[in-house]
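**Q** Here is my input; please provide its structure:
(2 chains)
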Amino acid sequence: MTSEAADSAEAAGAIAPAADPGFLQRYGGTIEYVLIPGAALVGALAVFGIFVMLFGKNPLDLYFYMYQGAFGTWFSWQNTLTRAAPLILTALCTALPAQLGMVIIGGEGALLIGALSATSIALALQGMPPLVVQIAMVIAGVVGGGLWIMLSGALRQYRGVNETISSLLLVYIGLAILNHLVEGAMRDPASLNKPSTREIGAANMIGSIPGTDVHWGLVFGLIAAIASYILIYHTVFGFAARVAGGNIRAAKIVGLGVSKLILTVCFLAGGAAGLAGMVEVAAVQGRTNANLAAGYGFTGILVAFLARQNPLAIIPVAILLGGISASGGLLQRRLGLPDASVLVLQGIIFVFVLASDALYGRIGFLKGKS
Amino acid sequence: MADGSIGLWTVPLAVLGGAIRVSTPFLFVSLGECITERSGRINLGLEGTLVMGAMSAYGISYVTGSPWLGVLAAGITGALLGALHAGICSLPRVNDVAVGIALMLFGTGLAFYLGKPLIEPTAPRLPAIDFGWWSDVPQVRAALRVNVLFLIGVALAPILYWAFRTTRWGLLIRTAGESSDAARAMGHSVLLIRLRATMVGGFLAGIGGSFLSLFYPGSWNEGLSSGQGITAVALVIFARWDPLLCLWASLAFGGAAALGPALQSVGVTSGYHLFNAAPYILTLAIMIITCSPKRTLTGAPAELSITR
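**A** Numbers count the residues shown, from 1 in each chain, chains lettered A, B, ... in the order given. The predicted model follows:
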């Protein structure tokens, strides 16, 4: 749904409400899903503009440099897309369980465990053909991250442990395991200042999409997002998941295997975040160290909520937020804003998006006149 | 005591000192969160509140020269963030867990942003009371240098326990947490009760943050909090929403967090990071043991979104 459609809907509502009463009834909901988060985004940008104005910066400069840094040049586009790739994958870690009504916020932990598993398998398979190593890394990353979040799902299903809290605790446990191994058993003795594992080897890196500096992780992300969309909206499995998310008792009464649904969905969700970790290792860092805990998992939660947990909508939203973080460097250099300004803006956007949840179904002209 | 005999005692002493020093932020955040959760709402944003509190306390202490004004400023900052959380959660269909994550991002981001100029200067710290004067072993003296905030926190726990049981406000908060319909039927605004409970919770969490920057570790930098705010939220669940248990749990978590560095100081370095994760593992283990799919946690406020 594009903004033209939203405009025409507005026109239809304002000028001739009786002309096509079915139109708003059919598309009103979809328009809302574009219009309300869009308005929340604009509101957040306005508040952030006022915020930087208090520090004596010109907000118009801010918007200009943000655009420049995110989408202004081919270079900034590539930077944006590179950052969007892990965000798509970590957002799926929140969006997939959300279909079942679960709030999983542990994408960061699954990312770290995925990265750790992928690195381990790559180090174990040194000397094998690169393609074999890469495929093994993908599998290890997905399985590692998948099992990590599946643990949250299993605890919820079999022990009644709240999945939000457990997945968040698992982030810190995952980080401790990573630090423990990176500074101990898996440490490369040559890494003195920054404890790291040994490098997986240049030949095993997954490299860039030809003609760009954007790594293949973006393609992984796009495939995962589209596959998730098809899984949720066009398969029986996805339908069952949404039924269970809407009404767990109804799902049980019609005989859906809720345990299996929860475990599978959590595995897929964690697998996506684990894949993000594998991508960060195999395309960016080349090894595992504490740099991997860069907050992609937490920004992914924001992406998922802004996209209203829709796997397809995650793609543009991840690109948008990737752009915001890509523009951070330029804001720092040209406007002298601290690097934390990206975090502030993300926080404001998140707050606005959540507050805008109250607006659904309340915008007069979208209700479809009767 | 002879010089050599301190060797083996280093670890328990460091754990004791840690239990006193490290536990204070846990204690304040968990007591604050306890009030908020008892009113039927969860505020996961206290991590952001803690960091904002640490930053504003350090800034105000640096500007005014009075650390106590810094503590007050941290509390007020926390209360304002609490009001923001409660305000957004008052809107219909807004998920309080998600708002908490948003405020966690926002609070830490804002603190890093505003705190940039505070990394260099040195602000006046909070004074400590020397309870170790009787000993001439430096480790004992170091362990027993206690901050007033810790004592206030320790006193606060039984006061809150008493207040929840007997005072009008305690009963109102619990009513709102157990059954919002009942509170409404009594003619009270549930949203208003929760707003106040969240603001008081934020106030206490902010003070917990001021302890980080003004006493221990006693400076402002971006790595100041390593998830203590989150741990404290989990700690409330661990403590079954009981302020007295919050006190014991905070001491235990503080001691557990001090175990890693203490063992490192006597040469045991291997499990350092795993010991750091001890509070998280402990919380998860307790949740696994005490939860069951058939019933919610005992003592859990019925209106709390995470236990329903």
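**Q** for the chain, which helix is longest?
**A** In the absence of a named chain, chain A is used. Counting residues, the longest helix found in chain A (DSSP state H) is helix A:21-53.
**Q** that's the wrong chain, I meant chain B
**A** From DSSP H, the single longest helix across chain B is helix B:190-214.
**Q** Give me the contact list for the worst-scoring helix or strand of chain B on mean pLDDT.
**A** One helix or strand of chain B scores below all others by mean pLDDT, DSSP states H and E: helix B:138-143, with a mean of 75. By Cβ atoms under 8 Å, 6 or more residues apart in numbering or on different chains, the residues outside helix B:138-143 that reach it are B:Ile6, B:Trp9, B:Thr10, B:Leu13, B:Ala14, B:Leu16, B:Gly17, B:Ile20, B:Asp130, B:Gly132, B:Trp133, B:Ser135. No exception for glycine: its C-beta is placed from N, CA and C like everyone else's.
**Q** can we see that at 6 Å?
**A** The contact list for helix B:138-143 (Cβ atoms under 6 Å, 6 or more residues apart in numbering or on different chains) reads B:Leu13, B:Leu16, B:Gly17, B:Gly132, B:Ser135.
**Q** now do stretch A:150-157
**A** Against stretch A:150-157 from outside (Cβ under 6 Å, 6+ apart): A:Val161, A:Glu163, A:Ser166, A:Ser167, A:Ser259, A:Ile262, A:Leu263, A:Cys266, A:Phe267.
**Q** and the fifth one, how many neighbours?
**A** If I follow you right, that is A:Ser259. By other Cβ atoms under 10 Å in any protein chain shown, the residues close to A:Ser259 number 12.
**Q** which element is it on?
**A** Using DSSP states H and E, A:Ser259 falls within helix A:258-279.
**Q** Give me the helices and strands touching that helix, please.
**A** Helices and strands in packing contact with helix A:258-279 are listed as helix A:74-98, helix A:107-124, helix A:130-159, helix A:217-234, helix A:236-246; criterion 3 or more Cβ pairs under 6 Å, 6 or more residues apart in numbering or on different chains; DSSP states H and E.
**Q** could you say what helices and strands the fourth one packs with?
**A** Applying 3+ Cβ pairs under 6 Å, 6+ apart, one finds that helix A:217-234 makes contact with helix A:74-98, helix A:258-279, helix A:311-326.
**Q** Just the C-alphas of it, formatted as CSV.
**A** Extracted as CSV, the C-alpha positions of helix A:217-234 are listed here (Å, rounded to 0.1, in the frame of the first residue of the first chain):
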residue,chain,number,x,y,z
GLY,A,217,23.6,-11.0,4.4
LEU,A,218,21.1,-8.6,2.9
VAL,A,219,19.9,-11.3,0.6
PHE,A,220,19.7,-13.7,3.5
GLY,A,221,17.6,-11.2,5.3
LEU,A,222,15.3,-10.6,2.3
ILE,A,223,14.8,-14.3,1.8
ALA,A,224,14.1,-14.9,5.4
ALA,A,225,11.6,-12.1,5.6
ILE,A,226,9.7,-13.2,2.5
ALA,A,227,9.8,-16.8,3.5
SER,A,228,8.4,-15.8,6.9
TYR,A,229,5.6,-13.8,5.3
ILE,A,230,4.6,-16.8,3.1
LEU,A,231,4.8,-19.1,6.1
ILE,A,232,2.6,-17.0,8.2
TYR,A,233,0.0,-15.7,5.7
HIS,A,234,-0.1,-18.5,3.1
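**Q** Pull out the buried residues from that helix.
**A** A:Gly217, A:Leu218, A:Phe220, A:Gly221, A:Ala224, A:Ala225, A:Ser228, A:Tyr229, A:Leu231, A:Ile232 (16 or more other Cβ atoms under 10 Å in any protein chain shown).
**Q** ok, the first one - contacts?
**A** By that I understand A:Gly217. Contact analysis of A:Gly217 by Cβ under 6 Å, 6+ apart lists A:Ala85, A:Val279, A:Ala283.
**Q** ok, for it, nearest residue in space, not its chain neighbours?
**A** A:Val279 (3.4 Å; Cβ to Cβ, 6 or more residues apart in numbering or on different chains).
**Q** ok, back up a step: next SSE downstream of the helix holding A:Ser259?
**A** Toward the C-terminus, helix A:258-279 is succeeded by helix A:296-306 as the next helix or strand (DSSP H and E).
**Q** coming back round to it: just checking, what packs against the longest helix of chain A?
**A** Short answer (3+ Cβ pairs under 6 Å, 6+ apart): helix A:21-53 packs on helix A:3-15, helix A:59-67, helix A:341-355.
**Q** For A:Tyr67, grab the count of nearby residues.
**A** Neighbours around A:Tyr67, by other Cβ under 10 Å: 14.
**Q** So what touches the strand or helix carrying B:Ile159?
**A** In the assignment (DSSP H and E), B:Ile159 maps to helix B:148-166. Under the contact criterion Cβ under 6 Å, 6+ apart, helix B:148-166 has outside partners B:Ile20, B:Thr24, B:Leu27, B:Phe28, B:Leu31, B:Gly170, B:Phe211, B:Pro243, B:Leu244, B:Leu247.
**Q** quick check: angle from it to helix B:190-214?
**A** 160 degrees (axes from the mean of the first three to the mean of the last three Cα atoms, to 10 degrees).
**Q** Can you dump the C-alpha atoms of helix B:148-166 in CSV for me?
**A** What follows is helix B:148-166 as a C-alpha-only set of coordinates in CSV (Å, rounded to 0.1, in the frame of the first residue of the first chain):
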residue,chain,number,x,y,z
VAL,B,148,24.3,6.1,53.8
LEU,B,149,22.2,5.2,50.8
PHE,B,150,22.7,1.5,51.5
LEU,B,151,21.4,2.1,55.1
ILE,B,152,18.4,4.0,53.8
GLY,B,153,17.6,1.2,51.4
VAL,B,154,17.9,-1.4,54.1
ALA,B,155,15.5,0.7,56.3
LEU,B,156,13.1,1.2,53.4
ALA,B,157,12.5,-2.5,52.8
PRO,B,158,10.7,-3.2,56.1
ILE,B,159,9.0,0.1,55.9
LEU,B,160,7.6,-0.8,52.5
TYR,B,161,6.7,-4.3,53.8
TRP,B,162,4.7,-2.7,56.6
ALA,B,163,3.2,-0.1,54.3
PHE,B,164,1.9,-2.7,51.9
ARG,B,165,0.2,-4.5,54.7
THR,B,166,-1.3,-1.8,56.8
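**Q** Okay, buried residues for that helix please.
**A** B:Leu149, B:Phe150, B:Gly153, B:Val154, B:Leu156, B:Ala157, B:Leu160, B:Tyr161, B:Ala163, B:Phe164.
**Q** So which of the helices and strands packed on helix A:258-279 has the densest surroundings on average?
**A** helix A:107-124 (a mean of 29; mean count of other Cβ atoms under 10 Å in any protein chain shown).
**Q** Quick check: mean pLDDT of that one?
**A** For helix A:107-124, the mean pLDDT works out to 96.
**Q** for stretch B:35-53, same thing?
**A** Rounded mean pLDDT across stretch B:35-53 is 93.
**Q** Pull up the distance across that stretch, start to finish.
**A** 18 Å (Cα to Cα, to the nearest Å).
**Q** That stretch and chain A, any residue contact?
**A** No - contact of stretch B:35-53 with chain A (Cβ under 6 Å from any Cβ of the partner chain) is absent, the minimum separation being 7.8 Å.
**Q** which residues sit in contact with residue 173?
**A** Reading this off chain A. Residues near A:Ile173 by Cβ under 6 Å, 6+ apart: B:Ala277, B:Tyr280.
**Q** that's the wrong chain, I meant chain B
**A** B:Arg38, B:Ser39, B:Ala197.
**Q** swap in A:Leu123?
**A** A:Leu123 touches A:Arg198, counting by Cβ under 6 Å, 6+ apart.
**Q** returning to what we had before: now, the contacts of helix B:148-166 that are in strands?
**A** Among the contacts of helix B:148-166, none falls in strands (DSSP state E).
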